[in-house]
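Trainee: Sequence and predicted structure, then a few things I'm wondering about:
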Amino acid sequence: QIKLYQIIYDAIEDIKHALEGMLAPIIEEQSIGSATVKQVFKIKGVGVVAGCHVDRGSIQRDCLARIYRNDVLIAEDKLSSLKHYQNDVKEVRAGTECGLSFVNYNDVKEGDVIEAYVEHEIAQKL
């Protein structure tokens with residue numbers, strides 16, 4: 001690709017933007033909340049659903065989650081569903097109860113702690 005420039009600063013700025021576009025973005029995690037599993041339900045056709053109480057922050061439907069058992073990380077997965085009673089919800093705040101299930105992980109036990117987080121991509125600068 002050939003480009004013509006009248007001002008050298010435009011050429012330098014264009015090259016700088018092209019190089020910044022080639023850099024891999026920085027992925028930053030932000031913790032949004034945590035919940036404690038109070039009871040585990042096995043439902044036909046759905047799988048395992050964890051009945052949880054949200055301790056702090058909030059839990060969002062499409063967030064990522066880490067599952068801790070006895071303060072040891074046992075799994076990382078994405079939430080597949082989030083319900084408040086029978087209703088599908090986008091977010092559940094602290095002090096309320098919810099039911100949630102994971103995409104790949106089904107070995108949830110009572111007393112597990114679920115930490116919800118989201119990832120943000122930040123473009124690198126030169």
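Mentor: Received, thanks. Since this is a predicted model, take the numbers as computed values, not measurements.
Trainee: Please count neighbours and contacts with C-alpha atoms only from this point.
Mentor: Noted.
Trainee: Look up how far residue 51 lies from residue 98.
Mentor: As judged by Cα to Cα, to the nearest Å, residue 98 and residue 51 stand 6 Å apart.
Trainee: and what of residue 41?
Mentor: 7 Å.
Trainee: what about these two, which has more around it?
Mentor: residue 51 (22 against 14; other Cα atoms under 10 Å).
Trainee: could you list every residue that touches residue 41?
Mentor: Going by Cα atoms under 8 Å, 6 or more residues apart in numbering, residue 41 touches 48-51.
Trainee: Could you confirm it falls within a strand?
Mentor: Yes: assigned with DSSP: H, G, I helix; E, B strand; the rest coil, residue 41 falls within a strand.
Trainee: mind listing the strands for the chain?
Mentor: With DSSP state E as the criterion, the chain has strands at 26-43, 47-60, 64-69, 72-84, 87-88, 91-93, 97-102, 113-122.
Trainee: buried set for stretch 33-47?
Mentor: 33-40 (16 or more other Cα atoms under 10 Å).
Trainee: Restrict it to CA atoms and write it as CSV.
Mentor: The C-alpha trace of stretch 33-47 is given here as CSV (Å, rounded to 0.1, in the frame of the first residue of the first chain):
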residue,chain,number,x,y,z
GLY,A,33,-18.7,-10.0,43.4
SER,A,34,-18.7,-13.2,45.3
ALA,A,35,-21.3,-15.8,46.4
THR,A,36,-21.5,-18.8,48.7
VAL,A,37,-23.1,-22.0,47.6
LYS,A,38,-25.9,-22.9,50.1
GLN,A,39,-27.5,-25.9,48.3
VAL,A,40,-26.9,-27.9,45.1
PHE,A,41,-29.8,-29.0,42.9
LYS,A,42,-29.7,-31.7,40.2
ILE,A,43,-32.3,-31.0,37.5
LYS,A,44,-32.9,-33.3,34.5
GLY,A,45,-32.1,-31.7,31.2
VAL,A,46,-30.4,-28.7,32.9
GLY,A,47,-27.7,-30.4,35.0
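Trainee: Thanks a lot, see you next time.
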